[in-house]
Structures are given as C-alpha cells and as structure tokens.
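Peer 1: Okay, predicted coordinates and the sequence, questions at the end:
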Amino acid sequence: QVQLVESGGGLVQAGGSLRLSCAASGRTFSNFAMGWFRQAPGKEREFVSTISRGGGVTSYAASVKGRFTISRDNAKNTVTLQMNTLKPEDTAVYYCAAGPQWSTRPADFGSWGQGTQVTVSS
C-alpha cells in the first residue's frame, strides 16, 4: 500500500482553473500507476484520468479531455491534475489512487486518498 494525500480543491467559478496535487509516501512511487477519480453526490465514482508509472501514457475521460491534464513527478512522489475551463458538472470529490498497472477501472487501484472537494459555481 501507498499513502496518498490530496490537496488543491476548492470553490471556483465556471471557466476557472484549479490544480489538484497528490503526495504519495510509504512505497516506491514509480512502481505505481496513478489515477484521478471523482464522485458527485448520489453518483458512482467515475474515472477522470490516469497516468502510467513512467508518465509516458495518459488517458482521460471524454468529459474532461482537452480541459484536464495529468502529470507526475517521480522524484517528488507527486501526481497533479491541472483542471481548466471548469464546468458546474465537474463538481465532485476528487480522489487520487495508486495501482500496480495502468487502468481506468477503480477496482484496479488499491490505494486511495481521502479526497478533496471541488465545487464549480455557475
């Protein structure tokens, strides 16, 4: 297991930007693929973005592609989600997750952060 702590959430107006960060500890960070997921009230947790262990492969949900960018710094044990042109429908709790292999499925990620709230006002 790896311990994950998210930061950077908050309240922003539609069209604005936020940058989420996730700090990892406890295990060798570069051994893990990393993902961002989100969960809105009354909805299931959904995939947002994922990045491979080396950072060379990324994937995005269709709803965020072109607006969000995932990146990682294996020297600093961090993964970042840059969110631009935010929409009210992006409002959710955002979770950072670590898993042994690149995936878009929550079930493939064994370590999760506590989540950070993102609220986008219209």
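Peer 2: Nice, I can see it. Treat the numbers as computed from the prediction; the structure is a model and nothing was measured.
Peer 1: What separation do you get for the spatially closest residue to Phe29 that is not a sequence neighbour and Ser52?
Peer 2: With C-beta to C-beta, 6 or more residues apart in numbering as the criterion, Phe29 has its nearest non-adjacent residue at 4.2 Å, and that residue is Asn77. In short, each C-beta sits where N, CA and C put it, glycine included. Distance, Asn77 to Ser52, by C-beta to C-beta, to the nearest Å: 16 Å.
Peer 1: Those two: who's more crowded?
Peer 2: Remark: of Asn77 and Ser52, Asn77 carries more neighbours, 19 against 16, as counted by other C-beta atoms under 10 Å.
Peer 1: I'd say the more buried one and Arg27 touch.
Peer 2: No: Asn77 is beyond contact range of Arg27, at 9.6 Å (criterion: C-beta atoms under 8 Å).
Peer 1: which SS class is the residue most central in space within the chain?
Peer 2: Nearest to the geometric centre of the chain sits Trp36, at 2.4 Å (C-alpha atoms, centre = their mean). Counting by DSSP: H, G, I helix; E, B strand; the rest coil, the backbone at Trp36 sits in strand.
Peer 1: Chain neighbours aside, what residue packs nearest to it?
Peer 2: Spatial nearest neighbour of Trp36, chain neighbours left out: Val48 (4.3 Å); criterion: C-beta to C-beta, 6+ apart.
Peer 1: Parallel or antiparallel, which strands does the helix or strand harbouring the one you found pair with?
Peer 2: Under the criterion of DSSP states H and E, Val48 resides in strand 46-51. Strand 46-51 sits in its sheet next to strand 33-39 (antiparallel), strand 58-60 (antiparallel), going by DSSP bridges.
Peer 1: mind listing what's buried in the longest one?
Peer 2: Of all the residues in strand 33-39, those buried under the rule 16 or more other C-beta atoms under 10 Å are Ala33, Met34, Gly35, Trp36, Phe37, Arg38.
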